[in-house]
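J.: When you get a sec, could you give me coordinates for this:
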Amino acid sequence: MKVVVDEEKCVAAGQCVAAAMDVFDQREDDGIVVLLEENPPAEQAEDVRNAAAVCPALAIRIEE
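T.: From the prediction side, this is the model:
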């Protein structure tokens with residue numbers, strides 16, 4: 001699994017961090033998503049997929 005984020009689409013809602021805090025964070029100054037782990041371990045796959053699904057801006061893409 002590879003995670004790709006589009007910072008231009010991000011609206012700083014923070015749903016991704018709530019769903020997968022080991023993979024996503026937010027910049028302090030504007031709240032835009034920060035990808036912590038481009039290739040998360042298999043045990044985090046469900047959380048990452050959930051983060052992509054709940055992102056209101058569809059800024060997270062998963063490549064299998």
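
J.: Residue 47 against residue 23, yeah?
T.: Yes - Residue 47 is within contact range of residue 23, at 7.2 Å (criterion: CB atoms under 8 Å). (Glycine included, C-beta is placed from N, CA and C.)

J.: From the neighbour counts alone, determine which of the two ranks first.
T.: residue 23 (24 against 18; other CB atoms under 10 Å).

J.: got a list of what that one touches?
T.: By CB atoms under 8 Å, 6 or more residues apart in numbering, the contact set of residue 23 is 3, 16, 35, 36, 37, 40, 44, 47, 48, 51.

J.: can you name the two of these that are farthest apart?
T.: Greatest spatial distance among the contacts of residue 23 (CB to CB): 35 and 47, at 13.8 Å.

J.: list the buried ones in the longest helix along the chain?
T.: The longest helix of the chain (DSSP state H) is helix 45-54. Buried positions in helix 45-54, judged by neighbour count with 16 or more other CB atoms under 10 Å: 45, 47, 48, 49, 51, 52.

J.: I'd like these laid out as TSV, including pLDDT.
T.: Shown next, in TSV, are these (pLDDT from 0 to 100):
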residue	pLDDT
45	97
47	98
48	98
49	98
51	98
52	98
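
J.: just to revisit the earlier point, out of the contacts of residue 23, who has the most neighbours?
T.: residue 16 (28 neighbours).

J.: Can you list the helices and strands that the strand or helix carrying that residue packs against?
T.: Remark: residue 16 resides in helix 15-19, with elements defined by DSSP states H and E. Secondary-structure packing of helix 15-19 (3 or more CB pairs under 8 Å, 6 or more residues apart in numbering; DSSP states H and E): strand 24-26, helix 45-54.

J.: Please point out which parts of it sit buried.
T.: For helix 15-19, a neighbour-count test (16+ other CB under 10 Å) marks 15, 16, 17, 19 as buried.

J.: Please apply the same query to stretch 28-39.
T.: So for stretch 28-39, counting by 16+ other CB under 10 Å, buried means 33, 34.

J.: average pLDDT across it?
T.: Stretch 28-39 carries an average pLDDT of 98.
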